[in-house]
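# what shape does this take:
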Amino acid sequence: MASQTISNKEIWQITYPIIFGNLAQTIIVFVNTVFLGHVGNAELGAAMMAGLYYLVFTTITQGFAVGVQIMVARRLGEGNLRRIGPVFEHGLMFTLFFGLFLLGVMAFFTEPFFSKIIHSPAIYASALEFMGFRQWGILFVSVNYLFRSLYIGLSNTKIITLTTLMMAVVNIFFDYSLIFGHFGLPEIGVAGAGLSSVMAEVTATMVFFIYTFVKLPCKQYDLFRFKSFDIRLLGSVLRISVPTMLQRLISFGTWFLFFAMIEHLGEEAMAISGIVRSVYMLCTISVFAYCATANTLTSRLIGAGKSDEVRRTLRRIVRMSLLTLLPILLVFAIFPRQIASFYTDDIQLAAQSVPALYTIYVGAIIMTAAMVYFEFVSGTGKTLMALFMETGVLVFYILYIYMATEKLHLPIRWVWCSEWVYSVLILIASLLFMRIYPWEKRQ
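Numbers count the residues shown, from 1 in each chain. Sure thing, here's the model as predicted:
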């Protein structure tokens, strides 16, 4: 760590592997969307709805992993390296049991839940096909998030790049093979997209375990010793993690509700939103990577007693995030119809997607600063405050979506302006927290 402030090079060294890590789930969504978009609008809409439903569950486990990340970064900043391993071990035990619980929830409640939410019979049937395989991935993606948090907390993130590349290769190969029936494999359509995604996540879990045992100085961190179960240590992790888990549940549950309301507008609106969602995720890969960097550096600086450096570091992260994002948006803005055509053979559908694409390009710019400062709030350890902040913002977000879809029946581009509403409000709330709340003290 630099003596006076975090350098751009240090920020980038932490961030660029996280960009590849974030690319993992985005690639899965992108590949599924591209291939299924050429099968049919119902299959495209089903994969989007079911994928978002699955994402709600994965982000709960990701919220727990963020708590582990904060504690690992704090112990690193303090120089208390031998406490890092026990934090991860207790996190791993909790993750495995919690993953099994979430799998049970999906296995028993997905069908009745979809029957209440999804109106289109074609989308409903395809969504259940997709989830039949996809739900099994929760066990592996939960462990993957935990490993990612360990390495992000240690600012040792190169392994994330390797796991992402492995996931991408496996997912693309089996998506193509199982959706369309190539290379001697059965043609199982939308179910093949779910199965290939699980296989990609299993691959990442295997790579994480092998790399950790071979490359990480486990003895230095007292990792994988499993000396004893410490209920107080797990309680400390949960005190930070539970608010973040609830925050992610509320946040992504609301996003699922957003698409459920769009589904009421018809299969065409769903197909357009499926394209827009995938492009939006591609645009914001770097944004969320810089957010993770802001989170871990905030925690690390506070742990090292350098709270006065946090503001300067956050400003640097925002500038670098914008410099990374803008060239991507420029290319996407010049060729919006061509971008949409990757997802569908329907020329009219691609053209109708363009106004909504421009809406989310603007939204991505606003989100850059908003999410960096919001992750700073979690990085201070005040995760309960972050939960309250986001819950309040989401009330206005849901109200806007409800008025746009259920009451005013606005064109889809105006429905997507809800992302502007969310980003502006969360940015204001985060800046007020920084200015008013006494966040500088160590926990």
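
# what's the closest non-adjacent residue to residue 227?
residue 86 (7.7 Å; C-beta to C-beta, 6 or more residues apart in numbering). Every residue, glycine included, has its C-beta placed from N, CA and C.

# so how far is the helix or strand harbouring the one you found from its chain's centroid?
Residue 86 is part of helix 84-117 when elements are defined by DSSP states H and E. Remark: helix 84-117 is offset 16 Å from the chain centroid, using C-alpha atoms, centre = their mean, to the nearest Å.

# same thing with stretch 393-402?
20 Å.

# re the thing from before, elements contacting the helix holding residue 86?
helix 41-78, helix 121-134, helix 138-153, helix 218-221, helix 231-263 (3 or more C-beta pairs under 8 Å, 6 or more residues apart in numbering; DSSP states H and E).

# distance of the closest residue in space to residue 58 that isn't next to it in sequence relative to residue 358?
Of all residues not flanking residue 58 in the chain, residue 141 sits nearest, at 5.1 Å (C-beta to C-beta, 6+ apart). As judged by C-beta to C-beta, to the nearest Å, residue 141 and residue 358 stand 32 Å apart.

# residues near the residue nearest to residue 58, how many?
Residues near residue 141, counting by other C-beta atoms under 10 Å, number 27.

# how close does it sit to residue 381?
In terms of C-beta to C-beta, residue 141 sits 25 Å off from residue 381.

# so the residue in the chain sticking out farthest from the centre, which of the three states?
Farthest-out residue of the chain from its mean C-alpha position, per C-alpha atoms, centre = their mean: residue 184, at 33.8 Å. Under DSSP: H, G, I helix; E, B strand; the rest coil, the three-state class of residue 184 is coil.

# can you check the pLDDT for it?
The model reports residue 184 with a pLDDT of 83.

# ok, now the one 4 residues further on?
What the model reports as pLDDT for residue 188 is 85.

# likewise residue 37?
pLDDT at residue 37 comes out at 67.

# can you check the one 5 residues further on too?
Here the pLDDT value assigned to residue 42 is 73.

# low-confidence regions, the stretch 1-150 of the chain specifically.
Across the stretch 1-150 of the chain, residues meeting the criterion (pLDDT under 70) sit at 1-5, 17-18, 20-25, 29, 33, 37-38, 40-41.

# find the nearest non-adjacent residue to residue 352, please.
residue 272 (5.8 Å).

# I figured that neighbour hits residue 357, correct?
No - contact status for residue 272 versus residue 357: not in contact, 9.4 Å apart, counting by C-beta atoms under 8 Å.

# who has more neighbours out of the two?
residue 272 (32 against 23).

# where does that one fall, secondary structure wise?
Going by DSSP H and E, residue 272 is part of helix 267-283.

# any buried residues in that helix, and which?
Using 16 or more other C-beta atoms under 10 Å as the test for burial, helix 267-283 gives 267, 269-283.

# and the residue farthest from the centre of the chain, how close does it get to residue 335?
36 Å.

# now swap in residue 58 and tell me
Applying C-beta to C-beta to residue 58 and residue 335 gives a distance of 31 Å.

# and these two? Which one has more around it.
residue 58 (21 against 11).

# isn't that one up against residue 138?
Yes - contact criterion C-beta under 8 Å: residue 58 and residue 138 qualify, at 6.5 Å.

# any shared contact partners between the two?
Common neighbours of residue 58 and residue 138, counting by C-beta atoms under 8 Å, 6 or more residues apart in numbering, are absent.

# I'd say the residue nearest to residue 227 and residue 222 touch.
Yes - between residue 86 and residue 222 there is a contact under C-beta under 8 Å: 6.4 Å.

# more neighbours, these two?
residue 86 (22 against 17).

# so who does that one touch?
222, 225, 227, 230, 233.

# out of those, which is nearest to residue 91?
residue 233 (9.7 Å; C-beta to C-beta).

# now that closest one: closest residue in space that isn't a chain neighbour?
Nearest one to residue 233, counting by C-beta to C-beta, 6+ apart, is residue 90 at 5.4 Å.

# rewinding a little: now the helices and strands packed on helix 84-117 in TSV, with distance to residue 339?
What follows is those, written out as TSV (distance: least, C-beta to C-beta, whole Å):
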stretch	distance to residue 339
helix 41-78	15
helix 121-134	24
helix 138-153	27
helix 218-221	43
helix 231-263	20
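
# which one of these lies closest to residue 13?
It is, among the helices and strands packed on helix 84-117 and with distance given as C-beta to C-beta, helix 138-153, at 11.9 Å.

# fine by me, thanks again.
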